[in-house]
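**Student:** predicted model follows, preceded by the sequence.
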Amino acid sequence: MAGKQKRVPFLKRYWVSSIGVFLLSQIIFIIFEATGWILNYRDIDGTLFGRITESSIFIEWFTFYETPQFNLLTLFFGIFFLVPGIISAIKNVFSPSYHNTNSN
């Protein structure tokens, strides 16, 4: 009995919710870009975020959206939600308890 672990439902696993948050944010960004409804951000020119969005990395590599704020948020959400979610999913798939089907 001590060796058995309680199974966590699929939707309550950390990696599912983490990747889900990232995907939901991308769907919201796509809808905002398609409808033209964009949040009223302050002017970011001359600020740290403004310099980041105007850097060559964001101009050449991270151009998923026309709005530079969405590109910056996509990068942050990717770092804080997508990367840990993928790492957690890989650990979950390759963990020994995941493949243990012994029901003693």
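**Tutor:** Now that the structure is in, tell me what you want to look at.
**Student:** from memory Phe58 sits against Gln69, does it?
**Tutor:** No - the criterion here is C-beta atoms under 8 Å, and Phe58 misses it with Gln69 at 10.6 Å. From N, CA and C alone the C-beta is placed, and that goes for glycine too.
**Student:** what is the rounded mean pLDDT of the top helix by length along the chain?
**Tutor:** Longest helix in the chain by number of residues, with DSSP state H as the criterion: helix 14-35. In this model, helix 14-35 has an average pLDDT of 92.
**Student:** repeat that for stretch 55-75.
**Tutor:** Averaging pLDDT along stretch 55-75 yields 85.
**Student:** end-to-end on it?
**Tutor:** Criterion C-alpha to C-alpha, to the nearest Å; first-to-last residue distance in stretch 55-75 is 14 Å.
**Student:** next one: that stretch to chain centre, how far?
**Tutor:** In terms of C-alpha atoms, centre = their mean, to the nearest Å, the centre of stretch 55-75 is set 15 Å apart from its chain centre.
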